[in-house]
Each structure stands twice: as structure tokens, then as C-alpha cells.
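Peer 1: Here is a sequence together with a model predicted from it:
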Amino acid sequence: DGPLHRRIDNSAGISAAQWLATAELDDIARVIKEYGEERFARRIARAIVAARELGEIGSTVRLAEIIAAAAPTRERGKHPATRSFQAIRIFINGELDDLRECLGQALGVLAPGGRLVVISFHSLEDRIVKQTFRALSAGCTCPPRLAVCACGQKPVARVVTRKGVRATDAEVEHNPRARSAVLRAMEKLAAEESHDV
């Protein structure tokens with residue numbers, strides 16, 4: 001149990017408790033659904049809104065109890081509040097926006113032949129990494145129906161890991177948090193390579 005802040009930097013931005021105290025039901029449901037991929041997001045959001053009418057939701061245990069009571073089913077080995085807590089943390093900290101920004105800047109600081117390796121722990125993060133790497137290695141952005149490239153864009157990187165690399169059973173046994181980890185890597189092309197591709 002602890003204060004319900006969920007912030008990476010406690011001195012910046014609003015806390016999860018402050019947001020949950022004022023957010024609209026639709027906004028809470030959207031955040032839990034979109035960032036937590038929680039299928040009972042609306043039901044959980046309704047429970048949160050009803051509970052805050054009775055008093056402040058200021059602790060992690062209090063929020064976990066509200067969510068657990070609202071979730072009709074349980075995933076084996078996972079607390080019913082896990083997805084919602086994750087969603088609220090991602091939203092409060094703007095984590096996906098930060099990831100997009102970081103990936104956009106990383107290529108600029110890599111030397112030709114340099115590699116960027118990213119380990120993501122959430123399917124939304126992994127999707128952003130995969131799509132970014134794919135776009136940087138694709139080059140041409142013209143619609144497939146065009147017979148000849150009109151955009152002139154060339155690939156600036158090549159994907160090193162076609163499929164995401166996952167932890168082995170032995171790694172997961174040693175470190176259970178590795179169960180959701182996915183590693184992806186790309187390599188920056190030299191300027192002449194990007195023109196030859």
C-alpha cells in the first residue's frame with residue numbers, strides 16, 4: 001500500500017489520485033481500455049466513479065480493491081488490477097509519447113553501422129517500436145498501386161531482428177518480469193547504403 005501517485009517524477013504533473021478524482025467516466029474507460037487493453041474497462045471506470053463519490057481514492061490498495069470487485073473474471077497468476085494500474089501509469093507519465101519521441105531522436109545520434117536495441121514490456125510499446133523500425137527500413141512511402149516510386153525516400157536503417165526476441169523459460173524462471181519482455185534491434189545505414197537499397 002502507498003499513495004496513489006503512479007508518477008515517475010513525483011514533482012511533475014498530476015498524480016493518479018488527482019486525475020481519478022476529476023476525470024470523466026469516458027476518459028477513465030478509454031485510458032484503461034487503450035493503454036491497459038482491459039476488456040472490462042467500462043465496468044472498472046464505472047466502479048471508480050461510484051467509489052469516488054463515497055470518498056477519495058488515495059491509496060494503491062483502495063484502487064486495487066475497487067478494480068478487483070469490478071472485474072468479473074481473473075487471469076491466472078495476475079492480479080485483476082494489473083492492467084488498469086499499468087494503463088493509468090502509462091497515461092499519467094505520457095510514456096508512449098516519450099517512446100515515440102525517443103525513437104525519433106535516436107536515429108540522429110547513431111553513427112552509421114550503429115545499432116539501436118529496445119526492450120519493451122508492453123504490447124503497445126512493442127507495436128510502436130516495430131512500426132517505427134519497419135518505417136525506417138522501408139524507405140518508400142508511396143501507395144503500393146504506384147508502379148514507380150514518386151516519394152524518393154530511401155531506407156535509413158535495416159531491421160536486425162525480424163521477429164522480436166523473447167526471454168527463454170530459464171530467464172523467466174530467474175526473472176519473472178522478463179515474461180513480457182520483447183527485444184528488437186535496428187542498424188543505421190551509411191548514407192551510400194541507403195541510396196543503394
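Peer 2: That came in fine, so what should we check first? Numbers count the residues shown, from 1 in each chain.
Peer 1: can we go C-alpha only for contacts and neighbour counts from here?
Peer 2: Fine.
Peer 1: quick one: the residue nearest the centre of the chain from residue 96, how far?
Peer 2: Closest residue to the average C-alpha location of the chain: residue 125 at 3.3 Å, with Cα atoms, centre = their mean. Going from residue 125 to residue 96 by Cα to Cα, to the nearest Å gives 7 Å.
Peer 1: Quick one: residues contacting the residue nearest to the centre of the chain.
Peer 2: 96, 99 (Cα atoms under 8 Å, 6 or more residues apart in numbering).
Peer 1: Give me the distance between the one helix or strand it maps to and the centre of its chain.
Peer 2: Following DSSP states H and E, one finds residue 125 within helix 123-138. With Cα atoms, centre = their mean, to the nearest Å as the basis, helix 123-138 stands 12 Å off its chain's centre.
Peer 1: Also stretch 164-173?
Peer 2: The answer for stretch 164-173 is 20 Å, by Cα atoms, centre = their mean.
Peer 1: likewise stretch 52-60?
Peer 2: Worked out by Cα atoms, centre = their mean, stretch 52-60 lies 27 Å from the chain centre.
Peer 1: what's the answer for stretch 5-24, then?
Peer 2: Here stretch 5-24 is found 18 Å from its chain centre; the criterion is Cα atoms, centre = their mean.
Peer 1: What residues sit buried inside that stretch?
Peer 2: 5-7, 15-17, 20-21 (16 or more other Cα atoms under 10 Å).
Peer 1: Strands along this structure, start to end?
Peer 2: All strands of the chain, identified by DSSP state E, fall at 115-120, 157-159, 165-166, 182-188.
Peer 1: which residues are contacting stretch 41-61?
Peer 2: The contact list for stretch 41-61 (Cα under 8 Å, 6+ apart) reads 1-4, 17, 20-21, 25-26, 28-30, 32-33, 63, 66-67, 70-71, 84.
Peer 1: go on, stretch 33-40?
Peer 2: With Cα under 8 Å, 6+ apart, stretch 33-40 has contacts from 32, 41-42, 71, 83-88, 90-91, 124.
Peer 1: Tell me the bridge partners for the nearest residue to residue 126 once chain neighbours are set aside.
Peer 2: Residue nearest to residue 126 in three dimensions, not counting chain neighbours: residue 120, with 5.5 Å by Cα to Cα, 6 or more residues apart in numbering. Under the criterion DSSP bridges, residue 120 forms beta bridges with residue 182.
Peer 1: how about residue 120, what does it touch?
Peer 2: 126, 180-183.
Peer 1: Also residue 119?
Peer 2: Neighbouring residues of residue 119 by Cα under 8 Å, 6+ apart: 181-184.
Peer 1: Counting neighbours, which of the residues you listed end up buried?
Peer 2: With neighbours counted using 16+ other Cα under 10 Å, the contacts of residue 119 contain these buried positions: 181-184.
Peer 1: Which residues are in contact with the residue lying closest to residue 79 once chain neighbours are set aside?
Peer 2: Excluding the flanking residues, the one nearest residue 79 by Cα to Cα, 6+ apart is residue 68, at 7.8 Å. For residue 68, the contact set (Cα under 8 Å, 6+ apart) comprises 79-81.
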